[in-house]
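Pasting the sequence and the predicted model now:
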Amino acid sequence: MKRNGRTVLIALEIATPFVLVTLYALWAAPRDSFFFPPLGEILAALRADWFGERILSDIWPSIRRILLGFSLSAILAVGLGFALGLSRRARIATAPLVEFFRALPPPALLPLTILVLGVGDVAKVLLIALVCLFPILQNTIAGITGIDPTLRETARMYGITRRGELLHVVLPGALPAIFAGLRTSLSLAVIMMVISEFVAASNGIGFGIWQAKRLFDIPLMWSGIIILGILGYILNMALLQIESRVLAWHRGARKAAE
Amino acid sequence: MMEDRAKTPTRFLLGATVPESALPWLGTLAAIALVDLAVRIGMLPAAFFPPPSVMFVTLGALLGTASFWHGLWDTLWTWAASLGAAAVLGIALGVGMGASRYLYASLRLVVEFLRPIPSVALIPAVILVIGVDFGSKIFLAAFAAFWPILIQTIYGMHDVEPQAMDTARAYGMPGRDRLLRVALPSASPYVGTGIRIGSAVALIIVVTMEIVVGIPGLGELILQARQGANVERTYALILAAGLLGMSLNLGFARLEARLLFWHPSHRKDTR
Amino acid sequence: MLAVEQLGRDFGAVRAIAEISVTFEPDRFTCIVGPSGCGKTTLLKCISGLLPPSRGRVTLHGRPVTRPPREMALVFQDYSRSLFPWMTVRDNVAFPLRKRRDLDAAALRELVEESLAAVGLSDAIGRYPWQLSGGMQQRTAIARAIAYQPEILLMDEPFASVDAQTRADLEDLILAIRRRYSMTVVFVTHDIDESVYLGDRVVVLGPPPTQVKEVLEVGLPAERDQITTKKDPEFLRLRSHVFANIMNREEQG
């Protein structure tokens, strides 16, 4: 009985996505709808364009913008988060500013960077970095202040140097929270990459989609959206992989606590 | 114990002589004054960075214009409509997927694949299909806010204390009551988190649609100010957007604290 | 010699410790016992140099203690919060030793392994704290303290969070360790039986604002045993005496 139940569950899990895709294909094919082209056309555009020359001309520039902006903000935010996380008074004094920038809807900054930095790659990378900064910063601060005081007292008791404490106690203790911030920021990085390419760019996935929309090349537009989905999925998976490597102890400890 | 170590790392502002309750005000004022000074002595180009004091004056003037309040209202009601729709759908499907193993298995992969699609990627498709109007703004914001609410609700349903469910069963509570009286309340902190995240996401998408597509709202005002090269106005409106986001966050935190007073994370006496 | 001299500690307007003076002679095992909330942990933190006193001072060999001295190790009550979850048992024990210049890699490994053997944890050396039972985690914390080779071992209700059986085992373990490595032990507990069973001397504290109520010499033989010692008339006499004192009751008979 139990075994049967599990087989049904696994079958459902695998079958449903196929059923949905097939349903779309069956629904779209005879209809010849302008906005919802047959699945075959979308896949053809995917293969011919996105997996063709656009890999270098559009996909790579987008990935580069994301990775540069994201890593820049990760370095800055963790550093700044340490400074603020370790000094209670500095943290209290800057709390309203951090709160403000964390709450500011990130796209509102797009006109600003265009105004100040223009529409080049530097502007896009800095915009992504600026937007990604605050979730990581806030999580780093929360991670550091959330470390059990007993752990830091233990380090002090055993004569661990300040450097050793920061490196081996505070950093690992804050890492689970830092990773939570990195995950939030990575999806923001993708969002900011896309909209900055919508608004002003000469290459990139977002630019490609927008151009396809302007030219009413609907299959190309949909296939670009699929590419963005795949990219988002891969980036997220990559970060989760790194996280599960780095935080193996954390998962184990959480399971043990249950 | 904290106060003893706090003095050592950094002597901030005037050291420990300033009371802590004054620090947020002092810090904010100091930051504003610093940027103001940097602009006025020419360290930052005034063409791009209006002095913060000017931003506040401009914002004050904007508060007297009808267009500002129209924009704010358009942003707010579309945000509320999309969040409401996302909450209803997300909670309903989340409870279903949390309660039924079959529904969960069927839709898990679909959710896993749809969720990472950046909602903003759909902007061109949405405006082609729905058009450049409030409908497309609400649809996309609801779509984006739906995922965190759904995911958190499923987490919450899966995290219900088995002991609580067993207790309910042992006392002969029927299945429907177990769902409504035990599972839902214990999942509610997760749902609350989902709605809080969803609110932020909805606001992001609403403002994005206003800025990128030009649908009426606070974002469109920012876009127009930028296009008109009105730097002070651009900054003042961004300031307003940040304050709006902050008040929405604060409102939700308050609401959660009030509704979930029984939950350990909101109990004041436990440390 | 470790001395607490007219030590007092306030938290804001609350007077936690009024005034305490007590000295700890080398190689003696002193238990500090008192009602819950009487500032035992606060006293121990002041002795360890983690918490500065509001009045008075702590001296070690005549020098005032202002920060945790090299000569002391502290075993905290809550092992789940004092062991580093991202380090294996081996790394947890070795962590305080990494700046020891007098130890080369081989000597360090030997010291860590010997300390873990002394607490019966040789088999768990490569595991993470959260893979161990509560008792084993506290053994790890004790091994870390031993490996640090302190002159003075401070223990803050170290067995308060384990079950009764494990607690008895750990009590005997700490007596064995104390015989093997000569150390001054300052052991804080709220358990009266434990204080009499373990200590050469028991310091009884009163309710806050805390003062020393009484210092008792424990006249039991050095070899203790969970069954025979706890039946010894002297043990029974001492424990009822301490109990009556803490409960503020006149002793009967």
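Right, received. Where do you want to start?

contacting residues around the residue in the stretch 151-253 of chain C that chain A sits nearest to?
Closest residue of the stretch 151-253 of chain C to chain A, C-beta to the nearest C-beta: C:Leu154 (8.6 Å). In short, each C-beta sits where N, CA and C put it, glycine included. C:Leu154 makes contacts with C:44, C:47-48, C:72-75, C:185-186, C:188, as judged by C-beta atoms under 8 Å, 6 or more residues apart in numbering or on different chains.

What count of nearby residues applies to the nearest residue to B:Ala141 once chain neighbours are set aside?
Leaving aside its sequence neighbours, B:Ala141 sits nearest to B:Ser82 (C-beta to C-beta, 6 or more residues apart in numbering or on different chains; 3.6 Å). For B:Ser82, the neighbour count with other C-beta atoms under 10 Å in any protein chain shown is 28.

hang on, B:Ser82 in a strand?
No. Using DSSP: H, G, I helix; E, B strand; the rest coil, the assignment for B:Ser82 is helix, not a strand.

Kindly provide the distance from it to chain C.
In this structure, B:Ser82 and chain C are 41 Å apart, going by C-beta to the nearest C-beta, to the nearest Å.

do the same with A:Ile66
The spacing between A:Ile66 and chain C, counted by C-beta to the nearest C-beta, is 29 Å.

quick one: what helix or strand has the residue nearest the centre of chain B in it?
For chain B, B:Ala200 is the residue whose C-alpha lies nearest the centre (C-alpha atoms, centre = their mean; 2.1 Å). Element membership for B:Ala200, per DSSP states H and E: helix B:184-212.

Off-centre distance for the helix or strand just after that helix?
Moving toward the C-terminus from helix B:184-212, the next helix or strand (DSSP H and E) is helix B:218-227. Averaging C-alpha positions (C-alpha atoms, centre = their mean, to the nearest Å) puts helix B:218-227 21 Å from its chain's average.

pLDDT (mean, whole number) over helix B:218-227?
For helix B:218-227, the mean per-residue pLDDT is 90.

By mean pLDDT, point me to the weakest helix or strand of chain C.
Across the helices and strands of chain C, mean pLDDT, DSSP states H and E gives its lowest value to helix C:79-82, namely a mean of 85.

For the residue nearest to B:Val129 when sequence neighbours are not counted, grab the count of nearby residues.
Spatial nearest neighbour of B:Val129, chain neighbours left out: A:Phe35 (5.1 Å); criterion: C-beta to C-beta, 6+ apart. A:Phe35: 13 surrounding residues under other C-beta under 10 Å.

picking up where we left off before, measure the residue nearest to B:Ala141 to A:Ser33 for me?
For B:Ser82, the distance to A:Ser33 equals 26 Å [C-beta to C-beta, to the nearest Å].

ok so, going back, report the distance from the helix holding B:Ala200 to the chain centre.
6 Å.

Mind giving me the packing neighbours of that helix?
helix A:171-199, helix B:66-99, helix B:123-129, helix B:134-158, helix B:218-227, helix B:231-259 (3 or more C-beta pairs under 8 Å, 6 or more residues apart in numbering or on different chains; DSSP states H and E).

Now render these as TSV, adding distance to C:Tyr197.
Converted to TSV, the helices and strands packed on helix B:184-212 look like this (distance: least, C-beta to C-beta, whole Å):
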stretch	distance to C:Tyr197
helix A:171-199	36
helix B:66-99	52
helix B:123-129	74
helix B:134-158	47
helix B:218-227	72
helix B:231-259	48
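
Please name whichever of the ones you listed is nearest to C:Gly206.
Proximity to C:Gly206 (C-beta to C-beta) singles out helix A:171-199 among the helices and strands packed on helix B:184-212, at 37.5 Å.

State the mean pLDDT of the closest one.
92.

And that helix, what does it pack against?
Packing contacts for helix A:171-199, counted by 3+ C-beta pairs under 8 Å, 6+ apart, involve helix A:60-86, helix A:109-117, helix A:121-145, helix A:205-214, helix A:218-246, helix B:123-129, helix B:184-212.

can you give me the angle it makes with helix B:184-212?
40 degrees (axes from the mean of the first three to the mean of the last three C-alpha atoms, to 10 degrees).

Check the chain and tell me which residue is nearest its centre.
Here I'm looking at chain A. Geometric middle of chain A (C-alpha atoms, centre = their mean) lands on A:Leu186, at 2.0 Å.

um, chain C though
Short answer for chain C (C-alpha atoms, centre = their mean): C:Met155, at 1.8 Å.

contacting residues around that one?
C:74-75, C:174, C:185-188.

A:Ala253 too?
A:Ala253 neighbours (C-beta under 8 Å, 6+ apart): C:85, C:128, C:130.

which parts of stretch B:149-168 are buried?
Residues of stretch B:149-168 classed as buried: B:149-157, B:160, B:165, B:168 (neighbour count, 16 or more other C-beta atoms under 10 Å in any protein chain shown).

same check, this time on stretch A:236-247
A:236, A:239, A:243, A:247.

what do you get for stretch B:20-34?
Neighbour count says stretch B:20-34 has B:23-24, B:26-28, B:32 buried, by 16+ other C-beta under 10 Å.

any idea of the mean pLDDT in that stretch?
pLDDT averaged over stretch B:20-34 gives 87.

Give me the below-cutoff pLDDT ranges for the chain.
I'll assume chain A. A:1-4, A:258 (pLDDT under 70).

My question was about chain C, not that one.
C:249-253.

What ranges does it have for its helices?
C:40-48, C:79-82, C:89-94, C:105-118, C:134-147, C:164-180, C:192-198, C:233-246 (DSSP state H).

A:Leu26 is nearest to which of those?
helix C:79-82 (57.0 Å).
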